[in-house]
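J.: could you look at this predicted model? Sequence included:
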Amino acid sequence: MRAAFSERVALEGPLRGGDPVVRPFATRLTSAPRSRFAQQVPTVKQLMSELPERFDPATAVGLNAVVQFNLSGDGGGSYHAIIKDGTIAVREGSHRSPDMTLAMAAPDYVELATGALSAQKAFLLGKLRIAGDMALAEKVQTLIRIA
């Protein structure tokens, strides 16, 4: 059983018939900033406009696909990326027939795109939903560098 008494200590152990153990809460250490966005949180629109800059054309040679981004909540929206033989074009709005659709909340997408949240963790936590070509979903991780 655990009862918190302040921000700095926690009580662990039996509350009846034994001596409780008081220990400090573990504090989370943060690492050095991962990107130029460390001081300012980017918007979905900024991240989407920078997607071509973060795209690695060498990994997309011979690939022709459309990826739909459905980002819900404040600051979200619909975007699609057209990947064609080593090039990428990002447009606002929905595509008629995407090969893969990525759906998540806009704040979660910002965390994903800036490296604060991994795609695997987001998927396992239910924050990231994928429809369509799952192999393409795995490939997208290598096509776009984290901001």
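T.: Ah, there it is. As the structure is a computational prediction, the values presented were derived from the model and not from experiment.

J.: where do the helices sit along this protein?
T.: Using DSSP state H, the helices of the chain run over 44-49, 51-54, 106-114, 119-124, 134-143.

J.: most tightly packed of those?
T.: helix 106-114 (a mean of 21; mean count of other Cβ atoms under 10 Å). No exception for glycine: its C-beta is placed from N, CA and C like everyone else's.

J.: can you give me how far that helix is from the chain middle?
T.: Taking Cα atoms, centre = their mean, to the nearest Å, one finds helix 106-114 lying 4 Å from the centre of the chain it belongs to.

J.: now stretch 94-112
T.: Computed by Cα atoms, centre = their mean, the chain-centroid distance of stretch 94-112 equals 10 Å.

J.: could I get that stretch in CSV with only the CA atoms?
T.: Below are the C-alpha coordinates for stretch 94-112, written out as CSV (Å, rounded to 0.1, in the frame of the first residue of the first chain):
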residue,chain,number,x,y,z
SER,A,94,-8.1,14.2,-47.0
HIS,A,95,-7.1,12.0,-49.9
ARG,A,96,-9.6,9.9,-51.7
SER,A,97,-7.8,6.6,-51.4
PRO,A,98,-4.8,6.6,-49.1
ASP,A,99,-2.6,3.5,-48.7
MET,A,100,-2.4,4.0,-45.0
THR,A,101,-4.2,6.2,-42.5
LEU,A,102,-2.6,7.4,-39.2
ALA,A,103,-5.1,8.6,-36.6
MET,A,104,-4.3,10.2,-33.3
ALA,A,105,-4.8,13.3,-31.1
ALA,A,106,-2.9,16.4,-32.3
PRO,A,107,-0.9,16.8,-29.0
ASP,A,108,0.2,13.1,-29.2
TYR,A,109,1.3,13.6,-32.8
VAL,A,110,3.4,16.6,-31.8
GLU,A,111,5.1,14.3,-29.1
LEU,A,112,5.5,11.6,-31.7
